[in-house]
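Participant: Pasting the sequence and the predicted model now:
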Amino acid sequence: MHKNAGEVMMLDVVVAGGGYVGLGVAVAIKQGAPHLNVEVIEAAPEDVWKKDMRASAIIAAASRMLDVFGVWDELLPEAQAINKMIVTDSKTSDPVRPVFLTFDGDVADGQPFAHMVPNVAMVGALRGLCERLGVTIRHGLSVSGFEGGPRSNLITLSDSSTLETRLLVACDGVRSALRDMAGIKTVHWAYDQSGIVTTVEHERPHNGCAEEHFLPSGPFAILPLKGNRSSLVWTERTADADQLVAADDLVFEEELERRFGHKLGTIRPVGPRRAFPLGLTLARAFVAPRLALAGDAAHGIHPISGQGLNLGFKDVAALAETIVEADRLGLDIGSLNVLERYQSWRRFDTVRMGITTDVLNRLFSNDVGPIRVARDFGLGIVHRIPGLKSYFIGQAAGTNDKGGPRLLAGQPL
């Protein structure tokens, strides 16, 4: 960190956004290049993250990266392994929901293809690592503007203070203000769907089994948590989702039970319920001079595949490797030539995943007879061919990409 009297503070990397992706970028770069000065600018007050009662699916590749960071062992006591995944396609009124596809087994050496991890535990572990590595987190501030120069960006914060940095990383969400400031356009459309997120307790154990019920209004996902609890991601038409969230407990629980069923005995919502509008947003560029987009700032996809957060962690691994290698070669870490390697590494995978989730949502979120027959036939084929099923498990776990970033393979930078 360089600052003389009357001068603007000079940093190597400033990360705008203190969620998983922003914290992940900061610690990955700092671990790979400890001499670089890295700061995180977080708009929320310091303790807001402790109020997040949600949990997230962490695929095997992402858990390998967290293991390299040194926090996975800290998270494991809070993590619930997903040992099996069941896929059904039915109507809410169907008395029986036939299972068309199951995924079970480990990806390698007894490692499940995914874990459910509470958001509080994840953010807490990454924040603790930031402190140990010497990464400063500034709370209650946002980037209100920046001006690019030949060697650095001059950043203005919401308190009118200024910073100078060789690289600015935008991890400020799907409505990224920094992306707009840089003039980067997006491809976007809304689905007229919202995802209701809540937590339930149930009478019988889930045994690490996750379920994805494809219903006419959208997927209804049951994701196992520690104990007899599960996290729900419940997709409905936006108007219906808003009514359900605002409904009294009796109405909400009745509608929930119709979709959840009785296989785990009596169920009871135990967490707050919130609805999030769903859509597809893809940035037309992931980089600009001295600026890189990561996480939802670069892409927002439908939760039908459970890959949104994990796409962000893939960004973390690719961006950190790009920056650390460039620094070791003595290159300018904020130059467009360096950043374009990160863009080329991540853009195709992101667009592919965005298209895949869009097609799956349109294919399954309807009750058109011929389409339903065709999709169920396809699910049955995947279920009956072991090699094809293993491929899809590897894709879901993020372990098929042999030429991917080292962190996702469990290798340090």
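Facilitator: It's in. No experiment lies behind these values; they were computed from the predicted model shown.
Participant: Could you pull up the residues touching residue 55?
Facilitator: 116-119, 199, 223, 225, 231 (C-beta atoms under 8 Å, 6 or more residues apart in numbering). The C-beta positions use only the backbone N, C-alpha and C, and glycine is treated the same way.
Participant: cutoff 6 Å now
Facilitator: Going by C-beta atoms under 6 Å, 6 or more residues apart in numbering, residue 55 touches 116, 118, 225, 231.
Participant: what ranges of the stretch 101-250 of the chain fall below the confidence cut-off?
Facilitator: Low-confidence segments of the stretch 101-250 of the chain (pLDDT under 70): 105-109.
Participant: sorry, back to before: name the nearest of the contacts of residue 55 relative to residue 241.
Facilitator: The shortest approach to residue 241 among the contacts of residue 55 belongs to residue 231, at 16.6 Å (C-beta to C-beta).
Participant: Tell me which helix or strand comes right after the helix or strand encompassing that closest one.
Facilitator: Taking DSSP states H and E as the criterion, residue 231 maps to strand 229-237. Remark: after strand 229-237, the chain's next helix or strand is helix 238-246, criterion DSSP H and E.
Participant: What residues sit buried inside the helix or strand just after that following helix?
Facilitator: Per DSSP H and E, the first helix or strand lying C-terminal to helix 238-246 is helix 249-260. Neighbour-count burial for helix 249-260, counted by 16 or more other C-beta atoms under 10 Å, picks out 252-253, 255-256, 260.
Participant: Closest one to residue 204 out of the residues you listed, please.
Facilitator: Distances from residue 204 to the buried residues of helix 249-260, taken by C-beta to C-beta, are shortest for residue 260, at 12.3 Å.
Participant: now that closest one: how far from residue 200?
Facilitator: From residue 260 across to residue 200, the span is 7 Å (C-beta to C-beta, to the nearest Å).
Participant: go on, residue 19?
Facilitator: Applying C-beta to C-beta, the value for residue 19 to residue 200 is 25 Å.
Participant: now do residue 322
Facilitator: Residue 322 is 41 Å from residue 200, by C-beta to C-beta.
Participant: and these two? which has more neighbours close in?
Facilitator: residue 322 (24 against 21; other C-beta atoms under 10 Å).
Participant: Phi and psi next, for residue 182.
Facilitator: phi -80, psi -10 (degrees, to the nearest 10).
Participant: Excluding sequence neighbours, find me the nearest residue to it.
Facilitator: Distances taken as C-beta to C-beta, 6 or more residues apart in numbering place residue 288 nearest to residue 182, at 4.6 Å, with adjacent residues excluded.
Participant: what does residue 53 give?
Facilitator: residue 271 (4.8 Å).
Participant: Tell me which stretches of the stretch 201-350 of the chain form strands.
Facilitator: Using DSSP state E, counting those that start in this stretch, the strands found in the stretch 201-350 of the chain span residues 209-215, 218-225, 229-237, 267-269, 274-283, 287-288, 291-293, 299-300.
Participant: Mean neighbour count, these: which tops it?
Facilitator: strand 291-293 (a mean of 27; mean count of other C-beta atoms under 10 Å).
Participant: Pull the residues that contact that one.
Facilitator: 168-170, 179, 182, 283, 286, 319, 339.
Participant: Try it again at 7 Å.
Facilitator: 167-170, 176, 179, 182, 283, 286, 319, 339, 342 (C-beta atoms under 7 Å, 6 or more residues apart in numbering).
Participant: Name the residues contacting each of residue 260 and residue 200.
Facilitator: residue 267.
Participant: Now do the contacts for the nearest residue in space to residue 203 that is not next to it in sequence.
Facilitator: Ranked by C-beta to C-beta, 6+ apart and with sequence neighbours excluded, the top spatial neighbour of residue 203 is residue 265, at 2.7 Å. Contacts for residue 265 (C-beta under 7 Å, 6+ apart) come out as 202-204.
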